[in-house]
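J.: Build me a model:
(one chain, ligands or ions: 1)
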Amino acid sequence: MHTESTDPTRQPVTYRPIGVIRTPFTEQENTPIQGIFNPACGTVEVFPEYEEGLLDVESFSHLILIYHFHRANGAMLRQKPFLDVQKERGIFSIRHFNRPNPIGLSIVELKGVRGTTLDICGIDVLDGTPLLDIKPYVRQFDHREEVRSGWVDDQHVDDIREWNSTPEALRHRGRVNL
Ligand SMILES: C[S@@+](CC[C@H](N)C(=O)[O-])C[C@H]1O[C@@H](n2cnc3c(N)ncnc32)[C@H](O)[C@@H]1O
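T.: From the prediction side, this is the model:
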């Protein structure tokens, strides 16, 4: 999938983690497929050199965490998503961790700030996931009233929390492709 090129737009990009996400999850199969499914809590441990960047973070109820799927195991361009096991979808239409650049994002609830440790809930990542960035979730920027959700709408899933407790969801609990 990688193309050797001198084209400046195709050069590798390197980031250093700003911290690590601590969660109760050690196996992919047992990790929530989206944080909204499960109120699981954990912590974000920001490395000390970034402490100043946490100024004012405590005034937000929700944060967007951007991280590296460090246990991804290969890039794919098509996958069957969790909610639609019959049909493959393009990787950029689903949230699978095996992506060309294994970057994930989670909107989490911020419960408290203790120095460089953030207490969070609604997390869907493995323990030890390297954190790349934190952004505030801002209702005025991030919420949209009228949205289309592509193949997810086709599954007639209006409230994903309700779907999550159906027998169908329980049967597919081991699949983690959404
Ligand atoms: C479907 S992804 C969704 C993550 C994120 N909310 C998103 O939309 O980008 C969540 C799944 O990724 C897997 N996962 C979580 N953390 C991971 C990591 N650090 N490396 C590899 N896979 C991970 C787990 O199986 C989890 O159920």
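
J.: now G115: how far from the ligand?
T.: 24 Å (C-beta to the nearest ligand atom, to the nearest Å). C-betas here are computed from N, CA, C, even on glycine.

J.: The longest strand along the chain pairs with which strands?
T.: Across the chain, the strand with the greatest residue count (assigned by DSSP state E) is strand 103-114. Sheet pairing of strand 103-114 (DSSP bridges) gives strand 62-68 (antiparallel), strand 117-121 (antiparallel).

J.: Turn the ones you listed into a markdown table, columns for mean neighbour count.
T.: A markdown table is the format used below for these (neighbours: other C-beta atoms under 10 Å):
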| stretch | mean neighbour count |
| --- | --- |
| strand 62-68 | 19 |
| strand 117-121 | 19 |
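
J.: Switch these over to JSON lines; also include mean pLDDT.
T.: Formatted as JSON lines, the strands paired with strand 103-114 follow (pLDDT from 0 to 100):
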{"stretch": "strand 62-68", "mean pLDDT": "98"}
{"stretch": "strand 117-121", "mean pLDDT": "98"}
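
J.: Can you lay out those as a markdown table showing distance to T6?
T.: Listed next are the strands paired with strand 103-114 as a markdown table, based on distance: least, C-beta to C-beta, whole Å:
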| stretch | distance to T6 |
| --- | --- |
| strand 62-68 | 26 |
| strand 117-121 | 41 |
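
J.: Make CSV out of those strands and add distance to the ligand.
T.: What follows is these, written out as CSV (distance: least, C-beta to the nearest ligand atom, whole Å):
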stretch, distance to the ligand
strand 62-68, 7
strand 117-121, 13
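
J.: Quick check: which of those strands is nearest to F97?
T.: In terms of C-beta to C-beta, the element of those nearest to F97 is strand 62-68, at 10.0 Å.

J.: which sections of this structure are below the confidence cut-off?
T.: Filtered on pLDDT under 70, the chain yields the residue ranges 1-3, 82-85, 156-178.

J.: Contact residues of it facing the ligand?
T.: The chain comes close to the ligand at residues 28, 31-34, 69-72, 95-97, 104-106, 124-126, 129, 176, 178, as judged by C-beta under 6 Å from any ligand atom.

J.: Try it again at 5 Å.
T.: Taking C-beta under 5 Å from any ligand atom as the measure of proximity, the chain contacts the ligand at 28, 31, 33, 69-72, 95, 97, 104-106, 124-126, 129, 176.
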